[in-house]
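1. prediction below, plus the sequence it came from.
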Amino acid sequence: MKIEKDRVVLFHYIVSEVGNDDAAEMESSRDRDPMAILAGHGNVIPGLEKAIEGREAGERFEVDVVAADAYGERREGLGQRVPKKHFSGQKLEPGMQLLLNTNFGPRAVTIEKVGMSVVDVDLNHPMAGRDLHFDVEIIEVREASLEEIEHGHVHGAGGHQH
Ligand code: ZN
């Protein structure tokens, strides 16, 4: 069964940054259950969605995705100064990534500078501006249930548990 819109796809991936051979893999699903997505519903970055279309279970392939089709380009002006008390006493170091509760809900931020009472953070997505290299293995492709299509995501193993 080929991957197309409204089908459930289970796949493993290893992601690294293009052109950065020194960097270890940034993230991998290999040490856990495969990721489950509903194809054609924006569950993954656009470049990956495009790359898996038409593939079948058992296929393993590699693909480069430019930043614009991944987590977007880095944007200037997303720096912010946050009172230290918002970081609940954890040890902070430049380059560290963590979740910060903001007025818009939890956001991944990168620590830029740690002062006495304030912390400078960057609100860009940690992977923004990076061209990514994916090693993908399609594990399973199946039809989605009507309920899954209605919700726009996968239910059960690797998906949403309601
Ligand atoms: Zn649901």
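-> Arrived safely. Numbers count the residues shown, from 1 in each chain.

2. residues in contact with the nearest residue to Ile45 once chain neighbours are set aside?
-> Closest residue to Ile45 apart from its sequence neighbours, by CB to CB, 6 or more residues apart in numbering: Ala70 at 4.9 Å. Bear in mind the C-beta positions are built from the backbone N, C-alpha and C, glycine included. Ala70 makes contact with Ile45, Pro46, Gly47, Leu48, Met127, Arg130, Asp131, Leu132 under the criterion CB atoms under 8 Å, 6 or more residues apart in numbering.

3. who's the last one bridged to?
-> According to DSSP bridges, Glu17, Val65 are recorded as the beta-bridge partners of Leu132.

4. neighbours of it, just the number please.
-> Counted with other CB atoms under 10 Å, residues neighbouring Leu132 total 22.

5. and the third one, by the same measure?
-> Neighbour count for Gly47, taken as other CB under 10 Å: 19.

6. chain center to the one helix or strand in the chain whose mean pLDDT sits lowest, what's the gap?
-> The helix or strand of the chain with the lowest confidence, counting by mean pLDDT, DSSP states H and E, is strand 97-102 at a mean of 83. Taking CA atoms, centre = their mean, to the nearest Å, one finds strand 97-102 lying 16 Å from the centre of the chain it belongs to.

7. what strands flank it, and is each parallel or antiparallel?
-> When DSSP bridges is applied, strand 97-102 pairs with strand 105-114 (antiparallel).

8. show the subsequent helix or strand relative to the strand it pairs with.
-> Sequence-wise, the next helix or strand downstream of strand 105-114 (DSSP states H and E) is strand 118-122.
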